[in-house]
Each structure stands twice: as C-alpha cells, then as structure tokens.
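Enquirer: Pasting the sequence and the predicted model now:
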Amino acid sequence: MTQTLDLSGSWSLSADGQRDGLTISLPGDVHSALQAEGVIPDPYFGKNEALVQWVAHKDWTLTRSFDMPMAPVDGDWYLDLDYVDTVATIRINGVIVARTDNCFRRYRPDVTGALKPGTNEISVTLHSPVAEGKKVYDAQPFEVPWLKMNCPIPYGNMLRKPQCHFGWDWNIALAPSGLYGTIALRRIETARIEHVTVKQAHKKDGSVELDVAVTLHARDAGQAVVRFDLDGWSLNRDCDLPQGETVLHHVFVVEKPRLWHPAGAGPQNLYTLKVSLDEETIVKTIGLRTIELVTDKDEAGNRFVFRVNGAEIFCKGANWIPADALFSRTSREKTEALLQSAVDANMNMIRIWGGGFYEHDWFYDICDRLGLMVWQDFMFACNLYPSTPDFLDNVAHEVEYQVKRLGHHASIALWCGDNELVGALTWFDCSKKDRDRYLVSYDRLNRTIETALRKADADALWWPSSPSCGYLNFGDAWHADGSGDMHFWSVWHENKSFDHYRTVKPRFCSEFGFQSYTSNLLISQFAEKKDINIASPVMEVHQKNPGGNERIAGTMFRYFRFPQDFANFVYLSQIQQGLAIKTAIDYWRSLKPHCMGTIIWQLNDTWPVASWASLDYGGNWKAMHYQARRFFEPVTLVAIPSPEGDRVEMRMVNDLADNIEVSADFYTVDLAGARHPLRSAKATCRPDKAMTLETISASEIPGDHLLFWDFRTSAGNEGRGHHVATSYKTLDLAPAGLVYEAQAVGEGRWRISLNSAGLALFVMLEADVAGRFSDNAFDLLAAECRVITFTAEDPSATPRFVLRDLQSCQAVE
Ligand code: BMA
C-alpha cells in the first residue's frame, strides 16, 4: 500500500496582478521561477537587483492537484514539510491544515480530515516576508532594531528565516520565498519515526557503546516492530506503543571501533545505522570519535582547543555562508565541490555562520565523509531579537528539532548560540541607552537556546556566542585576545595595516577577512563592457560593504603601485587579499599551542560580488585559495618579522603527530631575479608544535633584495616563500620576460609550461572558462621553468589564458 505521496515537482504559481499559467518547480524559490517564466530578469545581472524588489512584497500562492490512490481515504495521513520559507498558510481542498512561521522547523500536520477520495488540491500561500515581519515588529513591547547597513530590506530579525535574505555586506537583498525541502503526504500505519538520535560512550577498554534512541509517534495505541541495523548487525524489537510519543533505546556495543578523525588527523571511518518501522527507514552515517572543547585556564586567560580522540587539533578553515542567494540555483553537486575545495586547501573545519541555514542532512554527510569539522551557529546574526514568549517558544522548538536532526554527525564539533549578538548590543542607540534591558532580553534568548540544546542532547558542546570571551562574559571579543574565540576585524573594518595582525594573539580566531574583487571571468558575466570600471554603478551594486571598494583601492596605494587597468586591478586585489590573510595565519599558526584555530571569513559567495571569499561564486579558486592550500599545509615554514624590523624569525609549524625534519635554504634575490645564497638550516620540529628554525637579521638582506627560502620536510612536502622588508611598491621591478606555452593533454586538460627570464612575483594564470589550475599565484626567479595543468569544468572548452605577475600588472607610462 502506498505510504508516501511525494508532492515535489511542478506547481502553479500566482499572485495578485500576475498573469495566469506561471509554474514553479519544487523544491525551489519564487524568484527563480519568475525568472524562468520571463517575468523578472536575472537578479544577479547588472543593476537588476533593484528591479525585482517588488517580488518580496507580494503573497505568492502555489497550487497543485494530486490523486489519493484509494477510496475512501484509508488510514491516517500527515503532511511532511521542512524548509518552508517562511510564513505560509497551507490548505488542502480549501481547509487550512497548517500555518508555518519558521523556516528552520519541520511541520507534520495531520491532514486526514481534509483529504477526499480522487482528485485533491493543495495550496501553499507564502506570505510577503516584509509584511509579516512588520506585523511582528509592530507587536514588540519595545524597539527591536536590525542592522540597516547590512539589511536594506526591513524586519528580517522578526522572522525565523535566513537573516542574509534581507541583504548582507556580501549578499544581494531579495528576501526570497519558497519551499526548499520535503513536501510529501505520508500515511501512518501504526506509528512514524520522529527522531533517531545517537549517543556514543567511549569505554576505557576501547569499546564504544552506541545508544540509539528512536522517538516514535503513534496516533493510536498499537504494536510495532522496530528494526535496528548497524553495518549489517541487526535485530528486531517488538513494542507496545501508547498513543503519542514513545522513546525506544537500543545499545550497540562496538568492541573494536574504527574511529573517525578530522581531515589530516586520520581516516574518516563511518558506520551505517538504519532504523526501520513498517516501510519507513531512517539511515544515518555514524563516525565514532570523542570530542572536547578545552577551555582550561592559563597565564593568558583560557585556552580554546578542540580535542578529538584525545589529540588537540589545530583548526584550519573558513566560514560557510549559504551556497546561493536563491535556493533553486544550488545543487548537492555544487555544494560538494565547494566543500571539497575547502579540504583540498588543507582545511579541517568550516563554521556554518548564523545568518544562513541549518544545512540539509546531506551537507553534513559530506562533511562527515571529508573530515570537515563543523562549527554550527544557531541562526541569529548581527541584530537584536525579540524575547517575547511566543518568539522564544518558536526558537526552542527550532533548536530541539535541529539538534535532534543533526546531533549524531561526527562532523558536528560545536553548537554556538549566535553570530555577533553580544557586539550588536553596542550598535544601536536604544541598546546603548538601556543596556540592562537589551542584555537581559539577549540573555533570555541565549538561555532559551542553551536550555533547548541541553534538553535535546545533554552532551553537546556549547559555546554561547561567536565571538565570546567566555561564559557570561560580555566583553569585547573583537579586540580582547586572552580567552574565547575572536573575530578580528581591525585590518579590514578599521583600516589597520597588515602588520596589525601580529599585534594580537587569539586563542582561536573564528573570523577575520580581507576583500577582493571576484574574478574577471565572473565580472564579464554580470557587467557589460561599459561597466568595466572599479567605480561604475554596476560594480558598486556588486559590492555590498559600504566603503569596500575604497578599502581595496586604498590598501593598494599603501602596498603596491597602482595597476594599469581594470583586469589587473582585479588580479592585484586578489593577491592583496591573499597576502593579508597569509600574514595573519602565518603568525597565529606560529603561536601554537597558544592559538589553536584560524577560520577565515569566508569560503564561498552567494552570488557574484566583491567579497572576503576565497572561492568565486560558482566555485572557481581565487588567488587566495591557491595561497591558502600552501599556508594551511600541515607542515610549513613561516617568516615572522620582528616589530622593530631588525630580524625575521623563521618558524617551523607542525600539525602532525610525528617529529618532522625541516630543511631550508635561505637566499636573497635581486630585482633581476638572481639568487645570492645566505645559508641553509635543518632541524626537527616536535609533534604538534611551532619552533624556530633560524633567525635572519635584516642586515643580511641588501637593499633592493628580497629574502627567499625554499624548504623541504620529512612529511614529504616542499615550498617556497619570500619576505619584503619594505613594501612591494618600493621595488623597481623589471619586466620578468615571462612566457607560457599551453598544450592540450586530453579532454579539457591543458599542460602549461611557464618560463621566466627575471623575477616574477605572484605569477597568476587566468582562464576565460571555469576550471582549476594545479597551482597558481607563485613566484619564479630568473631562468626558472614551472609546469602546471589546467582542468576545465567543461571538457569541450577551449580556454584562452592570460598571464600576469606583479610587475606586468602595474601601470606603465
Ligand atoms: C562578520 C560576519 C558577517 C559579515 C562579516 C564581514 O563579522 O559575522 O556579519 O559579513 O563580518 O563584515
């Protein structure tokens, strides 16, 4: 007998004043449907964002019919819904069966009474988020403002909906609506499975007890057989079910567990857990591991370290924002490619930032498989929020549902209360004037989240907010570096020099970033030739941080000679971004174990925009991502100049559990690209430590020379770095005589050999089609040759390449 009627697929779409016959494909969003129907232009192109603002001011009704397979309607039926964005009224045959107001909850209304034999009609009215937000706003007992600089569309903080939908300093403001998850009718035989949660207890003898808890919901009392299966090891449990919810436990004992490890620390072993009842089967992948957040006191304050399977892990990663501003443009494959890029650049953690979504189940499955630890924020960001009883009740349900849904994932490392809500208390007049009220209001929300988390999973790791100096500590974690996690924004948002990264010693930096322009290839897809100018209105629409373009250009004046044209400006902005972030990461990694985490703001983009991302919208690597793969290598050698500028300390950084031998040749390079040897050094870096290999005195580096080093490690990697004592703009670089030859070596693959006659810094090849280079943004000295490959995304593409380096990008007479 049919148990499930999947209602995804084509629905009709209508709104007041719109023509008949529009359709939408579910799961999907309204804007994408309207674009596909030719009602609106591509919102990402040119200045179209402004032209599509009306969409968020309307109510959109989606309808379809379906046939009940039996007459009369037999048994009990419910509607299974998640990711409903957001305030919606759902009707079956004209009867209201559900009203939803939280995109982050699941809804399972009983609809038996509304169904009829034969053809039925279901409709979902997605109410205007602006109008619905305003209703909640008007009902607040006191002013609850949002950050207008980020969110040009108002009232987002009133709704449980991704906060970046209302605009952000990297996002297009569309306030989209849609249904992005399951929409299905299901029949309950005896009962349905509400949740499957898992607790793991690692015993002294090395075994693991896996306590599987199944929550069943029975509409009427009855009997059921529940089947548990762990990697083929299975058993059936007969049980009597009273009406309502019953929790059933089964404990598997895994005698010789194969443990799950974060990327770089060991294999990602996974077990498959299946729980079945009648025709319903829930499948979860389980990684066995212990995880702790170590916050012991020390001289500087309190540590902030993740310990996995007993080993302290230095977290290297980036912040994750939604995969796209519009859901219909996302796909599992595209998201997987972005996460794979994170791991390819030696990252082991992502932070799912609190202004987006709790991601789909499969997202975390990918993270489990890739060994990417997930720092999971609860979805609150940069605003003040209501603390009325109905709002808090809604939040408590959201937290309970999400923690029960996701808590079993080995990748989930931490649950964090919110993004920057403590800071937000200082951003508004009302909360500055009456901090008592707003702090208490904040604490009510924060306490609600913590309590609901603990109720759903007593063992989950909890951190109250990001950034936070610690539990019930409402200090300034943007500048205080002794305890907790830090968001260090002084270089970007306060216009401090790159050196300023070396004035703080974070315990764990969960946000720091520097913007660059998105690559020329993408710009050519949203801008016409006439708009190709750094200050054109189209480019300004594609820059959401007020003053962002000035900051990029102003920083260039500080460090570089100005680029000769727009395309080179884009290139140099990316090199500059990589340099800024490398300065921070090299220093903070060299401080380990004082600092134990560096999470870059941000990994990805939601649309083509100038931003802090290291990946372009669509997933191509910007210069910084190639650099990140190098500066995040498990073993590396970094240059830390002294504040006085009289010496450069060369520090070995080892994230591995073994002694690693590092050997390096130090030399200076003149502006013609010739090497002048200084000396060599070799030493062992102890497991999981940073140690000094050598100190080079500034007096050893002649004027107009750069310090260079080549290193090799017993871990099998090698690398090169350089240090410029002054700034790049002081160097009278000569044309490097750089040439390349590209040769097709198979479907969409190109072998490119590069030759340099002189000194070529930050050599970067660009293609006019999407794809990835085996390496990029590296240095070549006189008479050096390097071979790299390019793999095009579309194997039939015939790319054209452009080659740039620091000298060639600069303005000429
Ligand atoms: C942060 C984040 C985001 C923002 C970013 C860049 O602090 O939490 O809100 O996009 O800065 O300004």
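Expert: Yes, it's here.

Enquirer: which parts of stretch 143-160 are buried?
Expert: For stretch 143-160, a neighbour-count test (16 or more other C-beta atoms under 10 Å) marks 144-147, 150-151, 153-160 as buried. Every residue, glycine included, has its C-beta placed from N, CA and C.

Enquirer: tell me the contacts of the residue in the stretch 51-200 of the chain that the ligand sits nearest to?
Expert: The ligand sits closest to Asp169 of the stretch 51-200 of the chain, with a gap of 4.6 Å, by C-beta to the nearest ligand atom. Contacts here follow C-beta atoms under 8 Å, 6 or more residues apart in numbering; on that basis Asp169 touches Met149, Asn150, Lys544, Asn545, Pro546, Gly548.

Enquirer: May I have stretch 66-84 as PDB, with CA atoms only?
Expert: In PDB, the C-alpha atoms belonging to stretch 66-84 read as follows (Å, rounded to 0.1, in the frame of the first residue of the first chain):
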ATOM      1  CA  PHE A  66      -2.900  15.100  -6.600                       C
ATOM      2  CA  ASP A  67      -4.900  11.800  -6.600                       C
ATOM      3  CA  MET A  68      -5.500   9.800  -3.500                       C
ATOM      4  CA  PRO A  69      -4.700   6.300  -4.500                       C
ATOM      5  CA  MET A  70      -7.700   4.800  -2.600                       C
ATOM      6  CA  ALA A  71     -11.300   5.500  -2.000                       C
ATOM      7  CA  PRO A  72     -12.400   6.000   0.600                       C
ATOM      8  CA  VAL A  73      -9.300   7.600   2.200                       C
ATOM      9  CA  ASP A  74      -7.800   4.900   4.300                       C
ATOM     10  CA  GLY A  75      -5.800   5.400   7.400                       C
ATOM     11  CA  ASP A  76      -4.200   8.500   8.900                       C
ATOM     12  CA  TRP A  77      -2.300  10.900   6.700                       C
ATOM     13  CA  TYR A  78       0.100  13.700   7.600                       C
ATOM     14  CA  LEU A  79       1.900  16.300   5.500                       C
ATOM     15  CA  ASP A  80       5.700  16.200   5.900                       C
ATOM     16  CA  LEU A  81       7.200  19.600   5.400                       C
ATOM     17  CA  ASP A  82      10.600  21.200   6.100                       C
ATOM     18  CA  TYR A  83      12.500  24.300   4.800                       C
ATOM     19  CA  VAL A  84       9.200  26.300   4.300                       C
END
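
Enquirer: start the count at 50, not 1, going forward
Expert: From this message on, residue numbering opens at 50, which makes the last subject stretch 115-133.

Enquirer: Relative to the whole chain's centre, how far out is that stretch?
Expert: 36 Å (C-alpha atoms, centre = their mean, to the nearest Å).

Enquirer: for stretch 776-789, same thing?
Expert: With C-alpha atoms, centre = their mean, you get 36 Å for stretch 776-789.

Enquirer: and the stretch 400-549 of the chain, which of its residues are near the ligand?
Expert: For the stretch 400-549 of the chain, the residues in contact with the ligand (C-beta under 6 Å from any ligand atom) are Ala430, Cys431, Asn468, Glu469, His536.

Enquirer: What parts of this structure come near the ligand?
Expert: Trp217, Asp218, Trp219, Ala430, Cys431, Asn468, Glu469, His536, Glu560, Trp650.

Enquirer: hmm, 8 Å instead?
Expert: Applying C-beta under 8 Å from any ligand atom, we find that the chain lies next to the ligand at 199, 217-219, 368, 370, 402-404, 430-431, 468-469, 472, 515, 536, 538, 541-542, 560, 562, 594, 650-651, 661.

Enquirer: Wait, a strand at Gln451?
Expert: No. Using DSSP: H, G, I helix; E, B strand; the rest coil, the assignment for Gln451 is helix, not a strand.

Enquirer: so what's it up against?
Expert: So Gln451 contacts Phe153, Tyr407, Phe427 (C-beta under 8 Å, 6+ apart).

Enquirer: try 7 Å
Expert: Neighbouring residues of Gln451 by C-beta atoms under 7 Å, 6 or more residues apart in numbering: Phe153, Tyr407.

Enquirer: Also Val540?
Expert: Taking C-beta under 7 Å, 6+ apart as the test, what Val540 contacts is Phe547, His549, Tyr550, Phe563, Ala629.

Enquirer: and stretch 218-232, C-alpha only, in CSV?
Expert: Provided in CSV are the C-alpha atoms of stretch 218-232 (Å, rounded to 0.1, in the frame of the first residue of the first chain):
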residue,chain,number,x,y,z
ASP,A,218,27.5,43.0,3.4
TRP,A,219,28.1,40.3,0.7
ASN,A,220,24.6,39.4,-0.3
ILE,A,221,22.0,40.6,-2.8
ALA,A,222,18.9,41.7,-0.9
LEU,A,223,15.9,39.7,-2.3
ALA,A,224,14.0,38.3,0.7
PRO,A,225,13.1,35.3,-1.3
SER,A,226,10.3,32.8,-0.5
GLY,A,227,9.9,29.2,-1.4
LEU,A,228,10.0,25.6,-0.3
TYR,A,229,13.4,24.1,-0.2
GLY,A,230,12.9,20.7,1.4
THR,A,231,10.4,17.8,1.7
ILE,A,232,6.8,18.2,0.7
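
Enquirer: how far is it from where the chain is centred?
Expert: For stretch 218-232, the distance to the chain centre is 16 Å (C-alpha atoms, centre = their mean).

Enquirer: now swap in stretch 419-435 and tell me
Expert: Distance, centroid of stretch 419-435 to centroid of chain: 10 Å (C-alpha atoms, centre = their mean).

Enquirer: Can you give me the end-to-end span of it?
Expert: The first and final residues of stretch 419-435 sit 38 Å from each other (C-alpha to C-alpha, to the nearest Å).

Enquirer: Skip the chain neighbours and tell me the closest residue to the residue nearest to the spatial centre of the chain.
Expert: In the chain, the C-alpha nearest the mean C-alpha coordinate belongs to Trp369, at 0.8 Å (C-alpha atoms, centre = their mean). Excluding its sequence neighbours, the residue lying closest to Trp369 (C-beta to C-beta, 6 or more residues apart in numbering) is Ile399, at 4.6 Å.

Enquirer: For the host helix or strand of that neighbour, the averaged confidence score.
Expert: Using DSSP states H and E, Ile399 maps to strand 398-401. Averaged across strand 398-401, the pLDDT comes to 98.

Enquirer: Please determine how far Trp527 is located from Arg381.
Expert: Per C-beta to C-beta, to the nearest Å, Trp527 is found 36 Å from Arg381.

Enquirer: Between those two, which has more neighbouring residues?
Expert: Taking neighbours as other C-beta atoms under 10 Å, Trp527 and Arg381 compare with Trp527 leading, 20 against 13.
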